[in-house]
Each structure stands twice: as structure tokens, then as C-alpha cells.
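Asks: Need coordinates for the below:
(chains A, B, C and D)
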Number of protein chains: 2
Amino acid sequence: MRSYVSVGEVAGGDKPLRRDAAENRQRLLDAAATVFSERGLDVSVDEIARVAGVGTGTLYRRFPAKDALISELVRQLMIDLVALATEALEVTDGSGLEQVMYGTGEIQASQRGCISRMWNDDETEVLKNEYRRILSELLISAKDHGRIRDDAALSDVDLTFWALRGVIETTRGVSDTAWRRHLALVIAGMRPGAEQIVEPPMDERHVELAKVRLHAR
Amino acid sequence: MRSYVSVGEVAGGDKPLRRDAAENRQRLLDAAATVFSERGLDVSVDEIARVAGVGTGTLYRRFPAKDALISELVRQLMIDLVALATEALEVTDGSGLEQVMYGTGEIQASQRGCISRMWNDDETEVLKNEYRRILSELLISAKDHGRIRDDAALSDVDLTFWALRGVIETTRGVSDTAWRRHLALVIAGMRPGAEQIVEPPMDERHVELAKVRLHAR
DNA sequence: TGCTATGCGGAGCGATCTCTCCGCTTCGGA
DNA sequence: TCCGAAGCGGAGAGATCGCTCCGCATAGCA
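Replies: Reported below is the predicted structural model:
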């Protein structure tokens, strides 16, 4: 699973790039993904260009700003997430949601550098909404099959992803798989047999509120 | 619950500060805690000094570097955490661990700005070890009273704190209490009645490994 | 009250970051 | 093969950051 936009093709129907330009664009994305994962988003653009083997001018000709480069990486991740969720819709025993949760953990862990932007980037809001829509279907199916408790909310799934972000970022360089243990515990707590939860779920309006807040920036 | 080092007194038995200097020091700490929580650790030192109502020179006379200011805030938080855990040792029904987990969540949420340093700052390693030692006692007590499953590990508690960090950081400005819902789900998954966890706990050696890695930086 | 150690403010230094600009190079269609 | 459009590299502009330095102010003891 990788980006669905092939080398040389740019989203939005722009004129195709020249061969060398398209290659350099991809090398920049690869280099950025690597150094961001290893050293965080604070790595300088000069360093990204150096690793990609191009000049900084080339980077800025292809991406209007450093942020745009990060957004493109996030966009590709969101495309992967939507694909992952779409595949899970085929699962018939109600375990699709768990499958997507583990898969989302893998994607977050493999691209640690961009995690902080994944859930806070309004450039990819359409994809995020689509992803969330599929998750809500999977959640219903999981409940119908008795795999997830009835009082679980979609926002509980959101919270779990954000929690995994914390585990992954804190265990950087220490353990690559610790997040799985946490996810397993959370899912155990979401089973129908688990104890009642007194704490109410996150208000769904807060999710909307988050979007407004992001746009206001 | 607040710092146990009163205004004018500095840890380590240094000569007491002049009254005005001690006041300014405290104002700097308060200002830093505020702006870090609101806008993150990237806020400039000039801004911290401005909010505190002092010059940047004053900040640097009291703290050798911006990092030292952050470390002091973290140190005070760790002192609070140890006090919190120590109090919980008095609880006799085995619910002390849960009490500390919620309390730690509160402290993390109230000082969002410093969270990322809380679990990655080797200046406070002694306090962190003490905190962790108490947690292990509380975990044993919780198991003895049948409140927590026998196969739960101390590292599961660590993971939970790191997970709460992710929730708190991602919901900044959206929901102040969402982390409680997640914590409730995790604890539900840690009850003796919850389903078996296949994923093994985090290797305790990884915790040691993390310390080595931090020192190597 | 007078004296001195201590504290204070903020201009400015050096480092670093993002992003631009322009002379030169390369691709690829005719 | 030739030529114009497109792409390239990297020096450097402009902004911002952490931190220092020094002339002046003040607290607190005698």
C-alpha cells in the first residue's frame, strides 16, 4: 500500500512534470518521510534536500512551503488509511474495526514523524471525514456482532488513535511495538463483557469544534 | 498541591535570593507554565519574560538556559506526582493505583505544555524512579485486592500515561476531559474479568534502554 | 541614612531557519 | 540535431531564536 498518485502525476490535473522533476519530487517525499521519522518535523529543509540529493531551490519549486511538503505526506497517509478502512468493510464477522485500529497503529508507527499533523491538518479534512464515516459503519457492525460494547462511541476510536500517537512518540527508539499492547488493553475495555464506564464519551460536537478551531488559525 | 520549594528558597542549599529576585523567579516559573500550556514549548524566552513582567536578562540570571527553566517546571511536577503516589499508599482497598492514574492525568492535563518533557527528562530521573517504585507497590496491592488482572505489568501503567499524553496533546483547546474517558476504558481492560491479552507487555529492559538512550544524547 | 553586594532591563550578537532569485543546465518535441 | 521551455543549485536576504553584557537601580545591613 502506497500513494495512489504515481511518480510524475500531480493531484488536481496539473500539467505532468518533466521526468527528472518528477523523480526529484518523489525523492524529496521519500527523504522527508525518512528524516521526519528519525528526527522529527524540526529537521531543516536544507537537510531534507541534502538527503534527497537536490538543492533547496528544487524543493521550493515543487512545494510552496515546508508545510506543504508535510501536508502532502499526511495526505498520502490519509489515502492509505481510507484504503485500509475500505478493505475492512469486506470483513463479515464484525472484526473489521479492530483490524483497522491495528492497521492505523502500524501506519502511525511507520510514519512517526508526521503523526502530530495527521489528526491536526485541515488540508486533508475531506479524506479524514471519509475515513471517519467508514469507521462509524465498522463500529456498528462490530456492535451488531457483539464484539464491541453498545455504549462505545465513535469518539472512543478517535481517542484511541490519539492515545497511540502518544505511546508511539514517547517510545521512539525504545520499542516499536509497545503501542500494540496498549491497543489490546483498550480493545479489551471496549468488549461487551468489560465493566461499565461512568465517564461519558467525548461530545461529538467537540469534534466539530476542533475543525472550527483549526480553520480559525 | 504545589511546589514544595517555597519562594526564595532554591533546591540544593544555595544562598537565599534577595526578596525581589525570589519573586521574579517565581513569576517566571508561573509565566512559563502558563504560556507553555497555552502555546507549547516553542514560545520564545522573550515572550516568557514579557508575560512575567521582567527582562530576559533576569530570566537568564535565574536559569542558565531555557531548558533549565523547563526542567525546573518538570521537576516540580514530578514532586507533585511522588506526593500523589505517596498519599495513595494509605488507601487500603487496592484502589490506590487507579487514584494515582487519574491524578497523574489531571496533572498532565493541567500542565500540557511540559508533558513531552515529563517522561523524557533525565534531570528528574531520581524522582521518576521513586514514583515508579511506589506505583509498583500500588499495582501489587491492586492485584491482591482483585481490582487489576494478574498479568498486568508496571509497564502497562507507563504506557497508559504516555497514551494520555497523546490524548491531552491532541485535544488541546477542544476538550479538557476527554482523557478521562480513555483512561476509564483502559482500566476496564485491566480488570481481572476482561478478555485475555495476547500481545506481551513491554519488556522491562526497554525502560532501562530508554534511560541509556537519553543519557547518550 | 549611607554603602555595597546583588539584581535589573533590554540592546545587540551570533547562529539558524525558511524561502527567493538568478545564471546555468537539461529534457524532449520537431 | 537543434532549440526553447522547464528545471536545477546554492548563495544570500530576511526573520527569529537563544543568550550575553553592561550601565543603572535597589534591597537590606550597619
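Asks: residues touching A:D30, list them.
Replies: The neighbours of A:D30, taking C-beta atoms under 8 Å, 6 or more residues apart in numbering or on different chains as the test, are A:A52. Any C-beta I mention is one placed from the backbone N, CA and C, and that applies to glycine too.
Asks: Burial check on A:V45, number of neighbours?
Replies: 16 (other C-beta atoms under 10 Å in any protein chain shown).
Asks: no wait, A:L89
Replies: A:L89 has 13 nearby residues by other C-beta under 10 Å.
Asks: Give me the pLDDT value at it.
Replies: pLDDT, A:L89: 98.
Asks: One more: A:Q111?
Replies: So, for A:Q111, pLDDT stands at 95.
Asks: pLDDT wise, what is the one residue in chain A that gets nearest to DNA strand D at?
Replies: Closest contact between chain A and DNA strand D, by C-beta to the nearest atom of the strand, is at A:G57 (1.9 Å). Looking at A:G57, its pLDDT reads 98.
Asks: gap between it and B:N24?
Replies: From A:G57 over to B:N24 the distance is 47 Å, taken as C-beta to C-beta, to the nearest Å.
Asks: next one: A:M101
Replies: Distance from A:M101 to B:N24, counting by C-beta to C-beta: 49 Å.
Asks: check contacts around A:G113.
Replies: Contact analysis of A:G113 by C-beta under 8 Å, 6+ apart lists A:33, A:35-41.
Asks: Look at it and tell me its secondary structure.
Replies: Three-state call for A:G113 (DSSP: H, G, I helix; E, B strand; the rest coil): helix.
Asks: That one and A:Q99: what is the separation?
Replies: 25 Å.
Asks: What about the closest residue to chain B within chain A, how many residues nearby?
Replies: Closest to chain B within chain A is A:G166: 2.2 Å, counting by C-beta to the nearest C-beta. Neighbours of A:G166 under the rule other C-beta under 10 Å: 30.
Asks: Could you look up the SS state of the closest residue in space to it that isn't next to it in sequence?
Replies: Leaving aside its sequence neighbours, A:G166 sits nearest to B:G166 (C-beta to C-beta, 6 or more residues apart in numbering or on different chains; 2.2 Å). Recorded secondary structure, B:G166: helix (three-state DSSP).
Asks: And for A:T34?
Replies: Under three-state DSSP, A:T34 falls in the helix class.
Asks: Spit out the contact partners of it.
Replies: With the criterion set at C-beta under 8 Å, 6+ apart, A:T34 makes contact with A:V51.
Asks: Tell me, please, the helix or strand in chain A that averages the lowest pLDDT.
Replies: Lowest mean confidence among the helices and strands of chain A (mean pLDDT, DSSP states H and E): helix A:204-216, at a mean of 58.
Asks: Just the element for A:G103, please.
Replies: In this structure, A:G103 is located in helix A:96-110 according to DSSP states H and E.
Asks: quick check, whatever helix or strand comes next after that helix touching DNA strand C?
Replies: Downstream of helix A:96-110, the next assigned helix or strand under DSSP H and E is helix A:115-118. No. Residues of helix A:115-118 contacting DNA strand C under C-beta under 7 Å from any atom of the strand: none, with a closest distance of 13.9 Å.
Asks: which residues touch helix A:115-118?
Replies: A:41, A:70-71, A:74, A:77-78, A:108, A:165, A:168-169, B:169.
Asks: quick check, nearest of those to DNA strand C?
Replies: DNA strand C has its nearest neighbour among the contacts of helix A:115-118 in A:L41, at 8.3 Å by C-beta to the nearest atom of the strand.
Asks: Please tell me how far that closest one sits from A:E47.
Replies: Distance from A:L41 to A:E47, counting by C-beta to C-beta: 12 Å.
Asks: coming back round to it: correct me, but the residue of chain A closest to chain B touches B:E169?
Replies: Yes. Shown here, A:G166 and B:E169 form a contact pair, counting by C-beta atoms under 8 Å, at 6.9 Å.
Asks: Who's the closest spatial neighbour of A:R147, skipping the chain neighbours?
Replies: Per C-beta to C-beta, 6+ apart, closest to A:R147 is A:G94, 4.6 Å.
Asks: Which positions in chain A make contact with DNA strand C?
Replies: A:18-20, A:42, A:44-46, A:56-57, A:60-61, A:64-67.
Asks: Narrow these to just the buried residues.
Replies: Buried by 16 or more other C-beta atoms under 10 Å in any protein chain shown: A:45, A:66, out of these.
Asks: Just the ones in helices from the residues of chain A next to DNA strand C, please.
Replies: Cross-referencing the residues of chain A next to DNA strand C against helices under DSSP state H gives A:19-20, A:45-46, A:56-57, A:60-61, A:66-67.
Asks: Now distance to A:S175 too, for the residues you listed, in TSV please.
Replies: Formatted as TSV, those follow (distance: C-beta to C-beta, whole Å):
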residue	distance to A:S175
A:R19	42
A:D20	41
A:V45	31
A:D46	32
A:T56	35
A:G57	40
A:Y60	37
A:R61	40
A:K66	30
A:D67	30
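Asks: so what's the residue nearest to A:R165 when sequence neighbours are not counted up against?
Replies: Nearest residue to A:R165 in three dimensions, chain neighbours excluded: B:G166, at 4.1 Å (C-beta to C-beta, 6+ apart). By C-beta under 8 Å, 6+ apart, the contact set of B:G166 is A:162-169.
Asks: Top of the contacts of helix A:115-118 by number of neighbours, please.
Replies: With neighbours taken as other C-beta under 10 Å, the top of the contacts of helix A:115-118 is A:R165, carrying 26 neighbours.
Asks: what's the distance between it and B:V43?
Replies: For A:R165, the distance to B:V43 - C-beta to C-beta - is 22 Å.
Asks: How far does stretch A:58-74 sit from its chain's centre?
Replies: 18 Å (C-alpha atoms, centre = their mean, to the nearest Å).
Asks: Around the residue nearest to A:R147, count how many other residues there are.
Replies: 18.
Asks: wait, doesn't it sit right on A:S141?
Replies: Yes. Using C-beta under 8 Å, A:G94 is in contact with A:S141, at 5.1 Å.
Asks: who's in contact with the residue nearest to A:R147?
Replies: Residues in contact with A:G94, defined by C-beta under 8 Å, 6+ apart, are A:141-148.
Asks: Using the three-state scheme, assign A:T92.
Replies: A:T92 carries the three-state label coil when classified by three-state DSSP.
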